[in-house]
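**Student:** Below is the structure, and that's it, no one-letter string:
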């Protein structure tokens, strides 16, 4: 009796240890695989161009050089302009979008709002059937005349059915009795939303706000579609896209620095620009990671 | 309401209260309606207004006549897409890529979540989770640059490694047959960590007593995973699978566009999806009608797929169905 129990517990221990070892190795390897490409970009950005041409991209710079960063910051007009544009779009878009998402989500979650199902479906339907890219492009450029306007980047990102649904799920956890008792005290719906609901949903607002902000920071698609080369200051990711895909763009943007066009370190400039454009997100995100986790778990529970 | 008035002992009071309530409700709804108005307006402008533009699919568009006055050509644009084989190729690529993303993605997410749950070192779990989420937070443009870092013929890491092993370097950007692997791997790299959260949260919801009971009964780690954890994840898996299947005709434009590049014709056969094709029709070829025809096909066919997927979800778990 005792013997067999012992054998069993040893076997349990063995299998548990095996699973743990495999788990540590697997998770560790996958985590490294997620980190290393970033180090590759970072390392290359500090590498002298001649060394890149000889040895290729590397995690650790063989010949350390700050030339690419020097060029980026010696001629800071473009990159600072890009930063300001992206920051501006992100701040305005997030504030406005968050307010609209929260307000809509709250109204649509009110059980006594008789049009809530109709409006919810009206919004949700846009994820099922779309007009596609060409009519959208013609709408923005010809009918709304927003070509080369930052509004073409800002406006389409304000609201999304996904975030409104997420807000609804968050609001659902607040008892309707709170709204009802405030109504008895004579508060209007908008006042209830502003004074009662918003303060009670700050974690939800943080989550949704971060989703919107990340979307704007990483936005490049609408910018690429609607901002022509005439626009001097492009959103960061479009700037990065131009740097990556066009050697001429790099040479032009380095024109006012002391480096002759032939000597502009094309490859390490790409990496340096990427580091400058992405750095803030990567430094910031470990602190707000939990909000993104919350968002996906709430959003996934029910649509 | 019905229940309330039934419970009310004085019928007169209920009759008096009803009209007042209804009036009050109307007034309430007015404010709530106004609160929804900006969103309604937003979706009318950015989502509904473009829809009639799909009429482009049935005309031969020219700029002077505009969308609605260009000559009507019926189904000619669709016939062209079928005859050139484009429609079939795009559908095939889009669907097969998505199937690979969905199936491999979910399986890998489950593996990550299950293993994470077995680990005991708190700091290790935290650090590894943070690292695995990292790729989700960067822009598609940077994904393209990272791929270039690895795959570039002249300087890429891959060829550095191959050369140092004495193997000939590969010309990745002109070799279409390896791109399905590159794209799927990149997708998995980017989305697995973040996607595993849903499964990890589901495992957290598993009652600890069940685990303890199984341990008393002598279940080892394999058996615990095989007979308790995985069956527990099955409903989440099926629902996520069905939801993703609803979007099987939607392509991840950012990923494909930034990995492959805007004009790399050598790779179209294996990497062209509906979104990239429509984008080129618009921005490179200025063929608005063909682009719209593909979009209309995508929307209609996609709509049918979503309805089917939702019907399946409803059958499987009514609580989770979308409508």
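**Tutor:** Received, thanks. If you're wondering where the values come from, they're calculated on a predicted model, not measured in any experiment.

**Student:** Quick check: which ranges of the stretch 201-323 of chain B have low pLDDT?
**Tutor:** The stretch 201-323 of chain B contains residues with pLDDT under 70 at B:322-323.

**Student:** What is the neighbour count of residue A:64?
**Tutor:** 11 (other C-beta atoms under 10 Å in any protein chain shown). (C-beta placed from N, C-alpha, C; glycine too.)

**Student:** what does the stretch 151-300 of chain A put close to chain B?
**Tutor:** Contact residues, the stretch 151-300 of chain A versus chain B (C-beta under 8 Å from any C-beta of the partner chain): A:155-156, A:158-159, A:164, A:183, A:188-190, A:193, A:214, A:217-221, A:225, A:237-238, A:240-241, A:244-245, A:267, A:270-271, A:274, A:277-278, A:281-282, A:285-286, A:289, A:292-293, A:296-297, A:300.

**Student:** ChimeraX command for the buried members of the residues you listed?
**Tutor:** Per 16 or more other C-beta atoms under 10 Å in any protein chain shown, the buried members of those correspond to this ChimeraX selection:
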select /A:155,156,158,159,164,183,189,193,214,217,218,219,220,221,225,237,238,240,241,244,245,267,270,271,274,277,278,281,285,289,292,293,296,297,300
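
**Student:** Among the residues of the stretch 151-300 of chain A next to chain B, name the ones in helices.
**Tutor:** Under the assignment DSSP state H, those contribute A:164, A:183, A:189-190, A:214, A:217, A:221, A:225, A:237-238, A:240-241, A:244-245, A:267, A:270-271, A:274, A:277-278, A:281-282, A:285-286, A:289, A:292-293, A:296-297, A:300 to helices.

**Student:** ok now do residue 271, which residues does it touch?
**Tutor:** In the absence of a named chain, chain A is used. With contacts defined as C-beta atoms under 8 Å, 6 or more residues apart in numbering or on different chains, residue A:271 is in contact with A:41-42, A:44-45, A:68, B:145, B:149.

**Student:** looking at chain B here, not the other one
**Tutor:** By C-beta under 8 Å, 6+ apart, the contact list for residue B:271 reads B:93, B:176, B:179-180, B:183, B:256, B:259-260.

**Student:** do the same with residue A:127
**Tutor:** By C-beta under 8 Å, 6+ apart, residue A:127 lies in contact with A:161-162.

**Student:** isn't there a strand covering it?
**Tutor:** No - if the criterion is DSSP: H, G, I helix; E, B strand; the rest coil, then residue A:127 is helix and not within a strand.

**Student:** give me every residue that touches residue 195.
**Tutor:** This is for chain A. Residue A:195 makes contact with residue A:187, according to C-beta under 8 Å, 6+ apart.

**Student:** right idea, wrong chain: chain B
**Tutor:** By C-beta under 8 Å, 6+ apart, the contact set of residue B:195 is B:105-106, B:109.

**Student:** most surrounded residue in those?
**Tutor:** Of all the contacts of residue B:195, the most densely surrounded is residue B:109 (24 neighbours; neighbours counted as other C-beta under 10 Å).

**Student:** Count the neighbours of residue A:39 for me.
**Tutor:** With other C-beta under 10 Å as criterion, residue A:39 counts 13.

**Student:** ok, it - contacts?
**Tutor:** Residue A:39 makes contacts with residue A:59, as judged by C-beta under 8 Å, 6+ apart.

**Student:** and it, what element?
**Tutor:** Assigned by DSSP states H and E, residue A:39 falls within helix A:2-45.

**Student:** surely residue B:94 meets residue B:249?
**Tutor:** Yes - between residue B:94 and residue B:249 a contact is recorded at 5.8 Å, counting by C-beta atoms under 8 Å.

**Student:** intersection of neighbour lists for those two?
**Tutor:** Common neighbours of residue B:94 and residue B:249, counting by C-beta under 8 Å, 6+ apart, are residue B:274.

**Student:** Show the average pLDDT along the helix holding residue A:39.
**Tutor:** Helix A:2-45 shows a mean pLDDT of 84.

**Student:** Tell me which helix or strand comes right after that helix.
**Tutor:** Using DSSP H and E, the first helix or strand after helix A:2-45 is helix A:49-55.

**Student:** Run through the stretch 51-200 of chain A and note the low-pLDDT ranges.
**Tutor:** Applying pLDDT under 70 to the stretch 51-200 of chain A picks out no residues at all.

**Student:** Stretch B:84-100 and chain A, are they touching?
**Tutor:** No - Stretch B:84-100 stays clear of chain A (C-beta under 8 Å from any C-beta), getting no nearer than 13.2 Å.

**Student:** what sits up against that stretch?
**Tutor:** B:78, B:81-82, B:180, B:183-184, B:244, B:247-251, B:269-274, B:277, B:294, B:297.

**Student:** if we go to 6 Å?
**Tutor:** B:81, B:184, B:248-249, B:251, B:272-274, B:277 (C-beta atoms under 6 Å, 6 or more residues apart in numbering or on different chains).

**Student:** can you list the domain ranges for chain A.
**Tutor:** According to automatic domain parsing, chain A comprises the domains A:2-45, A:67-302.

**Student:** Got the domain ranges for chain B?
**Tutor:** B:2-49, B:84-286.

**Student:** Pretty sure residue B:251 sits against residue B:275.
**Tutor:** Yes - here residue B:251 reaches residue B:275: they are 4.1 Å apart, a contact under C-beta atoms under 6 Å.

**Student:** OK, contacts around residue B:316?
**Tutor:** By C-beta under 6 Å, 6+ apart, the contact set of residue B:316 is residue B:238.

**Student:** quick one: the helices in the stretch 51-200 of chain A?
**Tutor:** Taking DSSP state H, counting those that start in this stretch, the helices of the stretch 51-200 of chain A run over residues A:67-74, A:76-109, A:116-128, A:133-138, A:151-154, A:161-172, A:176-184, A:189-191, A:198-200.

**Student:** Equivalent analysis for the stretch 101-250 of chain B, please.
**Tutor:** Using DSSP H, counting those that start in this stretch, helices in the stretch 101-250 of chain B cover B:122-133, B:140-151, B:157-164, B:179-204, B:208-216, B:221-224, B:230-246.

**Student:** Using TSV, lay out these together with distance to residue A:37.
**Tutor:** Putting the helices of the stretch 101-250 of chain B into TSV (distance: least, C-beta to C-beta, whole Å) gives the following:
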stretch	distance to residue A:37
helix B:122-133	11
helix B:140-151	4
helix B:157-164	9
helix B:179-204	8
helix B:208-216	37
helix B:221-224	32
helix B:230-246	25
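
**Student:** Up against chain A, what does the stretch 1-150 of chain B have?
**Tutor:** Residues of the stretch 1-150 of chain B found near chain A (C-beta under 6 Å from any C-beta of the partner chain) are B:29, B:31-32, B:35-36, B:38-39, B:42-43, B:46-47, B:49-51, B:53-54, B:115, B:118-119, B:128, B:130-132, B:134-135, B:137-139, B:141-142, B:145-146, B:149.

**Student:** Can you name the residue of the stretch 151-300 of chain B nearest to chain A?
**Tutor:** Chain A sits closest to residue B:295 of the stretch 151-300 of chain B, with a gap of 2.5 Å, by C-beta to the nearest C-beta.

**Student:** Make sure I have this right: that residue is in a helix.
**Tutor:** Yes - secondary structure of residue B:295 (three-state DSSP): part of a helix.

**Student:** Help me confirm that it comes into contact with residue A:135.
**Tutor:** No - using C-beta under 6 Å, residue B:295 is not in contact with residue A:135, being 7.8 Å away.

**Student:** Quick check: closest non-adjacent residue to the residue nearest in space to the middle of chain A.
**Tutor:** Here the mean C-alpha position of chain A is nearest to the C-alpha of residue A:214 (C-alpha atoms, centre = their mean), at a distance of 2.5 Å. Spatial nearest neighbour of residue A:214, chain neighbours left out: residue B:137 (6.5 Å); criterion: C-beta to C-beta, 6 or more residues apart in numbering or on different chains.
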